[in-house]
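[1] below are the sequence and a predicted model for it; my questions follow.
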Amino acid sequence: QLELKASGGGSVRPGGSLTVSCTASGFRLQYYAVGWFRQAPGKEREKISCNSGSTTTYADPVKGRFTISRDNDKGTMFLRMDNLKPEDSGVYYCAADWSPCSNWNPGRYNYLEHRGQGISVTVPS
C-alpha cells in the first residue's frame, strides 16, 4: 500500500516549536520532491515549503522560522516549525511527487502523486 503517514501535530504556545513528519510506505521517498501545505480555517490551502534535490523553497510567512528536511534512509520528511504564531494554526499536509517544486502550486495539490492525511497544528492566541 502506497501511503504517506503524518504525525507530530498538536497544540503549542506562541513562540514555541513543533515538528511534524510524514513517513512513506510502499515507495522510495528519495526519488521524489517533497513538500508541505497548510490550510487555515476559512482560508485556501497554501504551499509552505518544498524540497527537490538541492532546491528548497519556503513561503514568505514562514521563511526563517520553518525548516523542511528529509531522511531518505527512513523514508521520512519533516517540517520543523520554530517561533510559532497563532496564524500558523491549521491543518498541515505533506506530499511527494515526481514534478519539481516549481510546479507545486496549491491548485495542483490534489494531483500530486502521494498526499498524507492532514495533521492539525494549533497555536492559540
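    The structure has been received and is ready for your questions.
[2] P14 against T122, yeah?
    No - between P14 and T122 no contact is recorded; they are 10.9 Å apart, counting by CB atoms under 8 Å. In this view, the C-beta of every residue, glycine as well, is placed from N, C-alpha and C.
[3] which residues touch L29?
    R70, N72, G75, T76, M77, A96 (CB atoms under 8 Å, 6 or more residues apart in numbering).
[4] now do L2
    S25, G26, F27, H114.
[5] which of these sits closest to R65?
    If you rank the contacts of L2 by distance to R65 using CB to CB, H114 comes first, at 25.6 Å.
[6] residue contacts, that closest one?
    By CB under 8 Å, 6+ apart, the contact set of H114 is L2, E3, L4, A24, F27, Y32, A95, A96, D97.
[7] what's the most distant pair in the residues you listed?
    Using CB to CB, the contacts of H114 span at most 14.7 Å, a distance reached by E3 and D97.
[8] do you know the pLDDT at the most centrally placed residue in the chain?
    Nearest residue to the geometric centre of the chain (CA atoms, centre = their mean): W36, 2.2 Å. At W36, the pLDDT value in this model is 97.
[9] do R108 as well
    The predicted local confidence for R108 is 87.
[10] could you do the one 10 residues further on as well?
    According to the predicted model, the pLDDT of G118 comes to 93.
[11] check contacts around it.
    Residues in contact with G118 (CB under 8 Å, 6+ apart) are A6, Q39, V91, Y92, Y93.
[12] got it, and E113?
    Going by CB under 8 Å, 6+ apart, E113 touches Y32, A96, D97, W98.
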